[in-house]
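Trainee: here are the coordinates; sequence isn't available:
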């Protein structure tokens, strides 16, 4: 009840005008079609597993060199846009500056992409699972952006949502690690939430892991690994954006 009241309050505080150009009269979103059209859409060809746009390093199987060398735990990852420019600025505001009102707009973009690409994720209706946030960070920020996206995406698509994973304490920022270090470290930073898994088992279910940005894939791999261990039939990943060539930085 309180969450619904809060969302209603937000809708009054933040009328539906474009965050980028100020155009008003938008239908339930905060980015107008013209500004959205300037975001860099991720189009095929992409790696069949991680979704990395083609850059000349693909093998004949359609995999990028890294997925060909070591397949991640998830079956397929897809993102809608490249994390650049105005979209990157909006995502930073959403993630770190309390711009929670953008959640519905972003979830709508993700839902549109799923509907436009019915072949994604095996064409299956899936259980949405958000990437978790540690409780101390959740208290400081007030919300988990992945949770907000997953809940609203579930409403858009009519898919169930369950937060069955948890983030463990960690003082080492992921951004300070090289790609290979991130993968090793991420496996230690997440765990299944035993109580929630007991109430909402994932056994035999096809899962879609939801987050805002796909960077190296370390977090997605770690969470997918846990979900498969908990009995999930398959795990795919959906994010609004991805950082292109993340491993080169």
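Mentor: Happy to help now that I have it. As the structure is a computational prediction, the values presented were derived from the model and not from experiment. Numbers count the residues shown, from 1 in each chain.

Trainee: quick one: buried residues of the helix or strand harbouring residue 224?
Mentor: Assessed by DSSP states H and E, residue 224 sits inside helix 218-229. Neighbour counts over helix 218-229 (16 or more other Cβ atoms under 10 Å) mark 218-228 as buried. Heads up, the C-betas are built off the backbone N, CA and C, glycines and all.

Trainee: repeat that for stretch 29-47.
Mentor: Buried residues in stretch 29-47 (16+ other Cβ under 10 Å): 29-32, 35-36, 39, 42, 46-47.

Trainee: would you turn those into JSON lines with secondary structure, pLDDT and distance to residue 147?
Mentor: Below are the buried residues of stretch 29-47 laid out as JSON lines (DSSP: H, G, I helix; E, B strand; the rest coil; pLDDT from 0 to 100; distance: Cβ to Cβ, whole Å):
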{"residue": "29", "secondary structure": "coil", "pLDDT": "90", "distance to residue 147": "20"}
{"residue": "30", "secondary structure": "coil", "pLDDT": "92", "distance to residue 147": "19"}
{"residue": "31", "secondary structure": "coil", "pLDDT": "95", "distance to residue 147": "21"}
{"residue": "32", "secondary structure": "coil", "pLDDT": "95", "distance to residue 147": "27"}
{"residue": "35", "secondary structure": "helix", "pLDDT": "97", "distance to residue 147": "26"}
{"residue": "36", "secondary structure": "helix", "pLDDT": "96", "distance to residue 147": "23"}
{"residue": "39", "secondary structure": "coil", "pLDDT": "98", "distance to residue 147": "23"}
{"residue": "42", "secondary structure": "coil", "pLDDT": "95", "distance to residue 147": "24"}
{"residue": "46", "secondary structure": "strand", "pLDDT": "92", "distance to residue 147": "27"}
{"residue": "47", "secondary structure": "coil", "pLDDT": "93", "distance to residue 147": "27"}
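
Trainee: as JSON lines, these with distance to residue 141 would be great.
Mentor: Formatted as JSON lines, these follow (distance: Cβ to Cβ, whole Å):
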{"residue": "29", "distance to residue 141": "23"}
{"residue": "30", "distance to residue 141": "19"}
{"residue": "31", "distance to residue 141": "22"}
{"residue": "32", "distance to residue 141": "27"}
{"residue": "35", "distance to residue 141": "26"}
{"residue": "36", "distance to residue 141": "26"}
{"residue": "39", "distance to residue 141": "25"}
{"residue": "42", "distance to residue 141": "27"}
{"residue": "46", "distance to residue 141": "31"}
{"residue": "47", "distance to residue 141": "32"}
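
Trainee: out of the residues you listed, who's nearest residue 59?
Mentor: Comparing those against residue 59 with Cβ to Cβ picks out residue 47 as the nearest, at 9.6 Å.

Trainee: how far away is that closest one from residue 148?
Mentor: Per Cβ to Cβ, to the nearest Å, residue 47 is found 28 Å from residue 148.

Trainee: and the spatially most central residue of the chain, what does it touch?
Mentor: Closest to where the C-alpha atoms of the chain average out (Cα atoms, centre = their mean) is residue 211, at 1.9 Å. Taking Cβ atoms under 8 Å, 6 or more residues apart in numbering as the criterion, residue 211 is in contact with 130-131, 146, 149, 219-220, 237, 239.
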